[in-house]
Each structure stands twice: as C-alpha cells, then as structure tokens.
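In: how would this look folded up:
(chains A and B)
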Amino acid sequence: MNRNAIFGSIAAITLILIGILFYGLFFASNPQSIPSALIGTKASDFTITTFKGERIHLKELRGKPVVLNFWASWCVACRQEAHIIEAAHQEYTPKGAVFIGIAINDTREASLGFIRRYGKSYLLGPDDTLGNISLNYGVTAVPETFFIDRQGVIVHKVLGAVTGNDIQNFLSPRL
Amino acid sequence: MKKLLLILLFLLAPIMLFADEEMENKVREIAHQLRCPTCQALSVKESDAGLASNMKMKIRSMLEEGKSEQEILDFFIQRYGEWILRSPQKTGFNLVLWLGPGFLVLLSGLGVILVVRKKTAHALSGEITPLSAKEKAEIEKDMEGIE
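Out: Numbering: from 1, shown residues only, chains lettered A, B, ... in the order given. This next block holds a predicted model:
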C-alpha cells in the first residue's frame, strides 16, 4: 500500500467518524426527531379511573380506533391543542372513535381547572402515582399523542401539539 | 416486651438505614445511565423534571421487585429506544462507535511510524535520488539565465 493510499484511508475514516459525531450531536439527540420504538407494537394495556369516576380499560376498547393523548395543565402546547382534540372528539366519537386524555405530573385540582377552562369532555383521567402509563408509552414530553388502530397496535405518534389533520388522517380511513 | 421491641428496633435501625442508602445508590447508578427524555443534556439522575422523577421512582420500584440492573435498562430501552441510554450498548453497529476512535489512533500511529521509518531509512542509506528530466531542464534553464 503506498503512502497516498494510507493517508487517504486515514482521512476517509476520520471524516466518517466526524460525520457520525456531528450526526449524533445535531440530528440524533432531539427526542422529537427520533422515531418512537413503539410504532407497530401492541399498545400497552392500562386502566384509568376518569375524573368523572368512570373506569376505562384499554383492552376493552379493542375494535375501535383510539386517540390517546398525554397532557398536563401546566403545558403550553396542551392549551394549543385542547380545542382541536375536543372538536375532533365531537366529530369522530359518534362515528366510533375513542378519545382518551391522560394527565401526567399534574394535580387533580389543576387538571380539573384545565378541563373546565377548555371544555374538554372526552375520557380524561390521571396517570397513576408512579406515572406507569406514560412510562409504558415512552412519553418524552407533553403533549404527546398516540394513534392506536382497531387491533390495538400503535400506528403513529405525534410529539407536540396535535393538529386536526393528524387526527383526520388517522381516523378517516378507519371509520 | 416493650423494652425488647425497643432494643430490637435500636439494633435494626442502622441496618435498615444502610439498606435504604444502598438502594438509593443503586437507583442513582441506574438513573445516571439514562438520558432525561424531557431535558436533553442531563441524565435522569441529575434532572428534576417530572418525567425524570417518575423514572427514578420506577427504577426504585423495579429494584424493590427484585429486577436486575439490565432488566431495568431493558425496560426503558424497549419503550424509549436505545436513545435513552447515555452510552450506546457494546453490541452490533455500536461497536464501531466504541472501537472506531481507538482504531483510528492505532491507524494514525501506524501511518506515522511507516512514514518516519521510510524517511529515516532513506536518509541513512545515503542514496541520492537522480533528478527527473523535468527538474534537469528547469536547472539548465535557470543556469542559462545566470551565465
């Protein structure tokens, strides 16, 4: 191997390693740009008691598309999407969809205040004390919305405020 | 009976405290290996974010259930992906990341040694590299200018 080939190889390997480093630093460290490890897997089962006292078991909703939203009263983007989810619930729940909102790291009083303020009327309840439901869904921040199909498989996830289009794109072909 | 209970409590208290301290250290050790999902530059151990606190409580609860460190890490990897680990696992493609820098240093060192040895051997041999035709022509041209 001549000298040029040796230096060429070293330079190429160096550039590749620097490339990987920059990719990791600027493109692979933001949770928003990393696809969820749960897409295409069965949605983790859970039971919640809603703020109205209703008991909801995800497994029992099998056969219906579910929009599962994680939110908190202190989260700014949750205010942004509150009306969007409520409007979608009014439109799609009568057609067979299910909307569930799970409040995480929030107090009951604050959650109830938020629900009243934004007129949220779908199935809303708190996560358990350990935050098991949000941890099982690999929630990285609020709001985060999971779209679960009729077979109970997570098909899509939106990190940040969900849009009407996100919900429509998921529900329209499934209802 | 009351006295006996008090003595027992007095004797067991340090053991219980030590056990709790040991558990807390283990929680911290595992939490240090996990990236806080909400705040990017911190570990779960360093973060006070709500989700990071939940993760610490979950680690503690899993340790109390008798789960091993690897089982706990796997629990989080399964849900968050390998991204949740602050250091990539030493398997598969990740080995490139772990071994790459060392390999690069080794390769660079080898390159330097080869070049230095070649130059030293050349200098010691006393061999004179003959001029190329182009170099000869250039020298002759310059000499003509001087004369």
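In: what are the contacting residues of stretch A:100-112?
Out: Stretch A:100-112 is contacted from outside by A:48, A:51, A:56, A:58, A:66-74, A:85, A:114, A:120, A:122-127, A:131, A:133-134, A:139, A:142, B:50-51, B:53-54, using CB atoms under 8 Å, 6 or more residues apart in numbering or on different chains. Where you see a C-beta, it was placed from the backbone N, CA and C, and this is true even at glycine.
In: which of the residues you listed fall within strands?
Out: Counting by DSSP state E, the part of these found in strands is A:48, A:56, A:66-71, A:123-126.
In: how about the helix ranked longest in chain A and chain B, touching?
Out: Secondary structure of chain A per DSSP state H: the longest helix is helix A:3-26. Yes - residues of helix A:3-26 contacting chain B under CB under 8 Å from any CB of the partner chain: A:3, A:6-7, A:9-10, A:13-14, A:17, A:20.
In: residue ranges in the chain under the pLDDT threshold?
Out: With no chain named, the answer covers chain A. The model of chain A has pLDDT under 70 over residues A:1-3, A:24-34.
In: nope, chain B
Out: Along chain B, segments meeting pLDDT under 70 span B:13-19, B:93-94, B:97, B:122, B:124-127, B:147.
In: ramachandran coordinates for the residue sitting nearest the centre point of it?
Out: Chain B has B:Ser87 as the residue nearest its centroid, 5.7 Å off, counting by CA atoms, centre = their mean. Torsion angles at B:Ser87 (phi, psi; degrees, to the nearest 10) stand at phi -120, psi 130.
In: wait, doesn't it sit right on B:Leu34?
Out: No - if you go by CB atoms under 8 Å, B:Ser87 and B:Leu34 don't touch, sitting 10.4 Å apart.
In: ok, and A:Ile100, which helix or strand is that part of?
Out: Secondary structure assignment for A:Ile100, by DSSP states H and E: strand A:98-103.
In: how far away from the center of its chain is that strand?
Out: The chain centre lies 11 Å from the centre of strand A:98-103; the measure is CA atoms, centre = their mean, to the nearest Å.
In: tell me the strands beside that strand, with direction?
Out: Using DSSP bridges, the strands paired with strand A:98-103 are strand A:66-71 (parallel), strand A:123-126 (parallel).
In: who touches B:Gln89 in this structure?
Out: B:Glu82.
In: so it: helix, strand or coil?
Out: With DSSP: H, G, I helix; E, B strand; the rest coil as the basis, B:Gln89 sits in coil.
In: interface residues of chain B facing chain A?
Out: So chain B meets chain A at B:37-38, B:40, B:50-51, B:53-55, B:57-58, B:61, B:77-81, B:83, B:96-97, B:100-101, B:103-104, B:107-108, B:111, B:114-115, B:118 (CB under 8 Å from any CB).
In: list the buried ones in the longest helix of chain A?
Out: A:6, A:10, A:17 (16 or more other CB atoms under 10 Å in any protein chain shown).
In: could you check how far the nearest residue to the first one once chain neighbours are set aside is from A:Asn4?
Out: This points to A:Ile6. Among residues not flanking A:Ile6 along the chain, B:Gly111 sits closest, at 5.0 Å (CB to CB, 6 or more residues apart in numbering or on different chains). Distance check for B:Gly111 against A:Asn4: by CB to CB, to the nearest Å, it reads 11 Å.
In: A:Phe99 too?
Out: Applying CB to CB, the value for A:Phe99 to A:Asn4 is 65 Å.
In: for chain B, what spans make up the helices?
Out: B:2-33, B:50-64, B:69-80, B:94-125, B:133-146.
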